[in-house]
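Student: Based on what follows, work out the 3D shape:
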Amino acid sequence: MTGSTLPPEPSSHDKTEATEQPLQRQRTSDTALPVFERWIKKWNLLRDGAPIVTPGSFLLPVRINNIAAMLKIAQDEHEIRGCELMAWWNGDGAAQVLARSDNAIVMERAEGTQSLMQMALHGCDDEASRIACGTIARLHAHAASATRLPTLVPLQAWFKELGSAAQENLLLAKSDAAARHLLAKPQDITILHGDIHHDNILDFDQRGWLAIDPKGLHGERGFDYANLIVNPDLPTVTDPVRFERQVHVIAQAAQLPPQRLLYWVLAFAGLSAVWFEQDGDTRGARQDLTVARLAAQSLSISHT
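Tutor: Okay, here's the model as predicted:
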């Protein structure tokens, strides 16, 4: 993994064709409508679509003062913290929060026609990664000028679960060693989104590409870029050729040493695999372990 320039992006004939659709972790359900009534009355909202239920929140397309928006009601501590962080960003790299109270926010709704996931799957993987990196950089830059910090969780707290699981798996042990190495001497500490992937950066038309659904972490900025590579919903994430190229693309766009980025990918892919195992999702765990193995192999090559 040497050199500072990249070869041309492979043609569509050279790419692995992805026929599998990204995993959808949300569903629509009209039974959730009563959950929104309090907030619809409070902010004089107009329903503008079907409710969406995710593991951590309820969402409803609405209009507020004739503006297309999304009402989000957070149901767990990560989502509640994320709502606070969304308001704190004040529209700088993230969707603008138009109203907020307790565990609920109303934020502007993405109405652009482009999708980073579709770009990544249809010949524009490099461009999608660079767009995502630009949005991440905006989010991180906001912290440099802020005087007040939102509620955050340190990265160290997230990686605790990896240590116990690593005792029974050699690959997870490598992930845990990478995490310990990174967390012992963090670089460029900032406020992190915590869940960057292709479906959490959306096209807001004239407002550009903006982030949604953060988790609110605090730590080294490289973590957010590793999240982009580990994305479990991207069917091509385990393609070795694609993996190697995107490490180069993202390292260049993020101005990160490729080796440092690989360490973060190795660490987070292992942690994500542990989470999937805890949820009983063996397929997701296997996929993440494959990504961790690719990172470990690349690190082994770069050391020689």
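Student: Buried residues, the strand or helix carrying Gly134. List them.
Tutor: Assigned by DSSP states H and E, Gly134 belongs to helix 125-145. By neighbour count on 16 or more other CB atoms under 10 Å, the buried set for helix 125-145 is 125-126, 128-133, 135-140, 142-143. All C-beta atoms are positioned from the backbone trio N, CA, C, and that covers glycine.
Student: quick one: least confident helix or strand in this protein?
Tutor: Ranked by mean pLDDT, DSSP states H and E, the weakest helix or strand in the chain is strand 27-28, scoring a mean of 61.
Student: Show me what the helix or strand just after that one packs onto, helices and strands only.
Tutor: With elements assigned by DSSP H and E, the helix or strand that comes after strand 27-28 is helix 33-43. In terms of contacts (3 or more CB pairs under 8 Å, 6 or more residues apart in numbering; DSSP states H and E), helix 33-43 is packed against strand 57-64, strand 67-74, strand 97-101, strand 104-108.
Student: would you list those strands in a markdown table and tack on mean neighbour count, mean pLDDT and distance to Val153?
Tutor: Converted to a markdown table, the helices and strands packed on helix 33-43 look like this (neighbours: other CB atoms under 10 Å; pLDDT from 0 to 100; distance: least, CB to CB, whole Å):
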| stretch | mean neighbour count | mean pLDDT | distance to Val153 |
| --- | --- | --- | --- |
| strand 57-64 | 21 | 96 | 17 |
| strand 67-74 | 21 | 97 | 15 |
| strand 97-101 | 17 | 96 | 20 |
| strand 104-108 | 23 | 97 | 19 |
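Student: Of the buried residues of helix 125-145, just say which sits nearest to Ser298.
Tutor: Ser129 (16.5 Å; CB to CB).
Student: For the closest one, list the residues it contacts.
Tutor: Applying CB atoms under 8 Å, 6 or more residues apart in numbering, one finds that Ser129 lies in contact with Ala120, Leu228, Gln246, Val249, Ile250, Ala253.
Student: So which of these are in helices?
Tutor: Among those, the members found in helices (DSSP state H) are Ala120, Leu228, Gln246, Val249, Ile250, Ala253.
Student: Looking at pLDDT only, which of the residues you listed scores worst?
Tutor: Model confidence across these bottoms out at Leu228, which has 90.
Student: can you give me the strands for the stretch 151-300 of the chain?
Tutor: Assigned by DSSP state E, counting those that start in this stretch, the stretch 151-300 of the chain shows strands spanning 153-154, 189-192, 201-203, 209-211, 217-220.
Student: Any of the contacts of Ser129 buried? List them.
Tutor: Buried among the contacts of Ser129 (16+ other CB under 10 Å): Ala120, Leu228, Gln246, Val249, Ile250, Ala253.
Student: coming back round to it: Serialize the helices and strands packed on helix 33-43 to a markdown table and add fields for distance to Val241.
Tutor: Listed next are the helices and strands packed on helix 33-43 as a markdown table, based on distance: least, CB to CB, whole Å:
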| stretch | distance to Val241 |
| --- | --- |
| strand 57-64 | 36 |
| strand 67-74 | 37 |
| strand 97-101 | 40 |
| strand 104-108 | 37 |
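Student: Tell me which of those lies nearest to Ile80.
Tutor: With CB to CB as the criterion, Ile80 lies closest to strand 67-74 of the helices and strands packed on helix 33-43, at 4.4 Å.
Student: what's whichever helix or strand comes after that closest one packed up against?
Tutor: Going down the chain from strand 67-74, the next helix or strand is helix 77-89, by DSSP H and E. Under the contact criterion of 3+ CB pairs under 8 Å, 6+ apart, helix 77-89 touches strand 67-74, strand 97-101, strand 104-108.
Student: Out of those, the one nearest Lys174 is which?
Tutor: Judging the helices and strands packed on helix 77-89 by CB to CB, what sits closest to Lys174 is strand 67-74, at 34.6 Å.
Student: neighbouring strands for the closest one, and are they parallel or not?
Tutor: Looking at strand 67-74 with DSSP bridges, its partner strands are strand 57-64 (antiparallel), strand 104-108 (antiparallel).
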